[in-house]
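**Student:** Sequence plus predicted model, see below.
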Amino acid sequence: MVGALFITVLLGSVAGMVVEGVDPTLRDADEAMRLSELAVLSRPAAEGGSVSPELAALAAAQRLAGQAGVLWLVGVDGEDVSDLKAKVSARLAALRSELQVAGGSFEDFFAASNLSPTLVLLVARRGRTRRASLKDAARLLQGTGHAAGGLLVR
């Protein structure tokens, strides 16, 4: 009986480690920070935080102090940022009306050659965004020469 219990616990533990190791999606905000090497500005409610438009707006207002510019919200791995963009725009209008807010995918970001973004925030979703996509997004962002403002994890 003891041997059977030990083997069951051992097999269950090994199976759990395999499933966790094979899962390619983002687990939590701390993992996102390690992968992207960007500061996490907001965390999901399950981790004791919230994805707050106020944080994004305040980060842009402080980082772009005294200059006009664009805050880009870039959704990683197909993350839809349209709702967040609307909320951040409303909040930022009260702080610094001269700052613009744009949002979309990396394709949208690169296609918008008429805008000169000076601050970019990556938006990723826990349990949905693939780890490899987040690492690639952070690397791409570093190659653009624009300021990386941080990471919003939903």
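**Tutor:** Sure, I can see it. Numbers count the residues shown, from 1 in each chain.

**Student:** hey, which helix or strand in this structure has the poorest pLDDT?
**Tutor:** Comparing every helix and strand of the chain by mean pLDDT, DSSP states H and E singles out helix 53-63 as the least confident one, with a mean of 73.

**Student:** okay, the angle between the helix or strand following it and helix 53-63?
**Tutor:** Sequence order places strand 70-75 as the next helix or strand after helix 53-63, per DSSP states H and E. Using axes from the mean of the first three to the mean of the last three Cα atoms, to 10 degrees, the direction of strand 70-75 lies 140 degrees away from that of helix 53-63.

**Student:** Show me what secondary structure element comes after strand 70-75.
**Tutor:** Per DSSP H and E, the first helix or strand lying C-terminal to strand 70-75 is helix 82-95.

**Student:** average model confidence for the very next helix or strand once past that next one?
**Tutor:** Moving toward the C-terminus from helix 82-95, the next helix or strand (DSSP H and E) is strand 100-104. Mean per-residue pLDDT for strand 100-104: 88.

**Student:** ok, strand 100-104: who's next to it in the sheet?
**Tutor:** For strand 100-104, the paired strands and their directions (DSSP bridges) are strand 70-75 (parallel).

**Student:** Spell out for me which residue occupies the centre of this structure.
**Tutor:** Central residue of the chain (Cα atoms, centre = their mean): Val123, 3.0 Å from the mean position.
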